[in-house]
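Chemist: After the sequence you'll find the predicted model.
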2 protein chains.
Amino acid sequence: MQRSVPQTFDRVLSSMCTDPHPAARAAAERFLATNPGDPATYEEVAELEADAVETLGKITGLADPHGYITSGGTEANVQAVRAARNRSRDRVSDPNIVAPESAHFSFNKAADVLDVELRLVPTDETHRADVDAVRAAVDDETVLVVGVAGTTEFGRVDPIPELAAIAHDAGAFCHVDAAWGGFLLPFTDHAWNFAHAPVDSLTIDPHKCGQACIPAGGLLFRDRNGLDSLAVETPYLESTSQATLTGTRSGAGVASAAAALDELWPDGYRHEYDRVSDLASWFAGELRTRGFDVVDPELPLVAADVSESTFQALRDHEWRISRTDSDLLRVVCMPHVTRDTLSAFLADLDAVR
Amino acid sequence: MQRSVPQTFDRVLSSMCTDPHPAARAAAERFLATNPGDPATYEEVAELEADAVETLGKITGLADPHGYITSGGTEANVQAVRAARNRSRDRVSDPNIVAPESAHFSFNKAADVLDVELRLVPTDETHRADVDAVRAAVDDETVLVVGVAGTTEFGRVDPIPELAAIAHDAGAFCHVDAAWGGFLLPFTDHAWNFAHAPVDSLTIDPHKCGQACIPAGGLLFRDRNGLDSLAVETPYLESTSQATLTGTRSGAGVASAAAALDELWPDGYRHEYDRVSDLASWFAGELRTRGFDVVDPELPLVAADVSESTFQALRDHEWRISRTDSDLLRVVCMPHVTRDTLSAFLADLDAVR
């Protein structure tokens, strides 16, 4: 069943996934026929998963991480909400979670799946969670407060220490969604992880800036109880319980995460952070020079106000771009995005506007 | 990061996953860096998914299938329960689902995740759902009745038409879990799918007997409403809503499913069914000859009563085997299991008992 050329990333500007690192790809191919969901049968990939979790702990300031490589950021976020809900069952009958409106739509999905109320609160003028609004939305039935470290629309980092304090004052847990930001933030001064605040759980996705293959998200808990609250008994696998949301899992994803982390943490990721930071700054400047309103990037995500017709014309030129909720053009400077990519984009932008 | 030899399947006898078909593996590698969760960006793999769903519809007697390639059977089952729950929200305040105790533990997981009550009812002496017990367990708050087409422990097929009738009499939906059986049953006389009964949803996993790569499960709905009841709005992808449980998804899994189905349906799967049927019959006979109590296989899954010490000794000989809930040895005749494999197993069995 021959098809045309495989997917290239030349014109993909709005995806938070990327071309995997060669070491990650090789590991994925090697472990393609393995299932970490059955660790007693597939021992080698189970060890790789433990290695990957250990390193994710290092990246996120947690010496003794409890977690696993998920199918992606959605599973990680859903499971974090599920753990908070399950751990609060004695205390709370009608659970709610509080998140900034900038939170990824996986929290909407989590709310439907898990039958909890999602309270979205406005962001402030810096596109960050409004701490007072969060505090006002939290009550006795709140089980989780969510902060985002690298938002989907603007690449912003919420005030994580303040959010964690609000959560704990109310007897709730605090989850940080660093799905995209987790591999960038270690090289900044932001307060975002387990070492910076009493964060209870965190999402960090190797298959985003970690340069692993899909599917490889990451979920970490500070306490073993977090993971245990997800466990369901398994009567016929060689192990006795399973905390993951899926059953059979992709050894390719897990092995690629271990390989990418082994290869790139910390120097490779640091080098990449420097590259995309400079690139985003340059690109934002180029857009401003052309008269566009640009949201000043803090992390390598550039949002700019581009007319509907210009946007559609760029799409007609095969650029894979998407808009934010506020209708801004959104360009994510992932590992596959180069100066040449963006120069070509700017040339097309000049031609169509 | 060099490791020892990659996973072989030589001694894996209790897994319902297998070595993928070469065409599936090639497709997985080709589409490793694609995300069907963003179909407007990754158009080619989105088309492959539509092809795969179309073929799964053919296999399961559904001319106009609504569904998708899931992360696995667990997601398919969880989503089937979620759809039934969501579609019953107007009618039912405290939802329950009814399943035979032979149902896969993913229904236990679904019950916890989705906050619904799971009513497990005993199987009868043939290891099938006891229809009277199911009928007794169903009430006004039942949203789903589950039948299994190829049970995990004994490879049995539940009386699907009777279960569907009970479900609909109570205003509930009927789901068939054919995760493993779906690629075997077309070559038998069993009544198990959309053409044989008014089944509402069905699980069938390409990464089990379909010979695709992990992750590739399958979920099909008879009605569009089933899939729509799962949809969550997506503000920033180029598409507008997402029905899947995960977000970013594995293009490798989807492409491998399409490739395997294209290559093997129907003749390759028929040929394989004939092979493993004969193999299971022969193996069951060999075990009986040696004096073991063997549950007569209907599908290619052989369960036999082996002592604890014999079981452990076989494990010590590196056989990856597991037991059923009733402590029986369980051998699943998957594509990688050959006469040579089982002859070697029998030789070790003779040596250790």
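Modeler: Received the coordinates, thanks.

Chemist: does residue A:10 count as helix, strand or coil?
Modeler: On the three-state scheme (DSSP: H, G, I helix; E, B strand; the rest coil), residue A:10 is labelled coil.

Chemist: I'd like to check which residues are in contact with the residue of the stretch 51-200 of chain A found nearest chain B.
Modeler: Residue nearest to chain B within the stretch 51-200 of chain A (CB to the nearest CB): residue A:74, separated by 3.6 Å. Every residue, glycine included, has its C-beta placed from N, CA and C. By CB atoms under 8 Å, 6 or more residues apart in numbering or on different chains, the contact set of residue A:74 is A:104, A:106, A:109, A:217, B:245-248.

Chemist: cutoff 7 Å now
Modeler: A:106, A:109, B:246-247 (CB atoms under 7 Å, 6 or more residues apart in numbering or on different chains).

Chemist: With residue A:159 instead?
Modeler: A:128-129, A:131.

Chemist: Is it possible to mark the buried ones in those residues?
Modeler: A:128-129, A:131 (16 or more other CB atoms under 10 Å in any protein chain shown).

Chemist: just checking, which of these belong to helices?
Modeler: Those of these mapping onto helices are residue A:131, per DSSP state H.

Chemist: restrict the buried ones among the contacts of residue A:159 to those near chain B?
Modeler: Among the buried ones among the contacts of residue A:159, no residue sits close to chain B (CB under 7 Å from any CB of the partner chain).

Chemist: re earlier: and of the contacts of residue A:74, the nearest to residue A:240?
Modeler: residue B:246 (25.2 Å; CB to CB).

Chemist: related to what we said a few turns ago, would you convert the buried ones among the contacts of residue A:159 into TSV that also reports pLDDT and distance to residue B:319?
Modeler: TSV is the format used below for the buried ones among the contacts of residue A:159 (pLDDT from 0 to 100; distance: CB to CB, whole Å):
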residue	pLDDT	distance to residue B:319
A:128	98	56
A:129	98	54
A:131	98	58
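
Chemist: before we move on, the earlier item: include pLDDT, secondary structure and distance to residue A:301 when you put the contacts of residue A:74 into CSV, please.
Modeler: Shown next, in CSV, are the contacts of residue A:74 (pLDDT from 0 to 100; DSSP: H, G, I helix; E, B strand; the rest coil; distance: CB to CB, whole Å):
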residue, pLDDT, secondary structure, distance to residue A:301
A:106, 96, helix, 18
A:109, 97, helix, 22
B:246, 96, coil, 23
B:247, 94, coil, 18
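
Chemist: re earlier: and the residue of the stretch 51-200 of chain A closest to chain B, what helix or strand is that in?
Modeler: Using DSSP states H and E, residue A:74 sits within helix A:73-87.

Chemist: Over to residue A:55?
Modeler: helix A:43-59.

Chemist: cool, residue A:168 as well?
Modeler: Per DSSP H and E: helix A:160-169 holds residue A:168.

Chemist: just checking, what packs against that helix?
Modeler: If contacts are counted by 3 or more CB pairs under 7 Å, 6 or more residues apart in numbering or on different chains; DSSP states H and E, helix A:160-169 sits against helix A:131-137, strand A:142-148, strand A:173-177.

Chemist: Run through who's touching the helix ranked longest in chain A.
Modeler: Longest helix in chain A by number of residues (criterion: DSSP H): helix A:267-289. If you take CB under 7 Å, 6+ apart as the criterion, helix A:267-289 is touched by A:183-184, A:187, A:294, A:296-297, A:300, A:302, A:304, A:331, A:333, A:335, A:337, A:339, A:342, A:346.

Chemist: for the helix holding residue A:55, what is the average pLDDT?
Modeler: Mean per-residue pLDDT for helix A:43-59: 97.

Chemist: What of stretch A:10-18?
Modeler: On average, stretch A:10-18 scores 92.

Chemist: roughly how far is it from the heart of the chain?
Modeler: In this view, stretch A:10-18 has its centroid 15 Å away from the chain centroid, taken as CA atoms, centre = their mean, to the nearest Å.

Chemist: Please apply the same query to stretch A:93-104.
Modeler: 17 Å.

Chemist: ends of it, how far apart?
Modeler: Length of stretch A:93-104, first residue to last, CA to CA, to the nearest Å: 25 Å.

Chemist: show me where pLDDT drops low in the stretch 101-250 of chain A?
Modeler: The stretch 101-250 of chain A contains residues with pLDDT under 70 at A:235-239.

Chemist: what separates residue A:181 from residue A:204, distance-wise?
Modeler: Separation of residue A:181 from residue A:204 (CB to CB, to the nearest Å): 8 Å.
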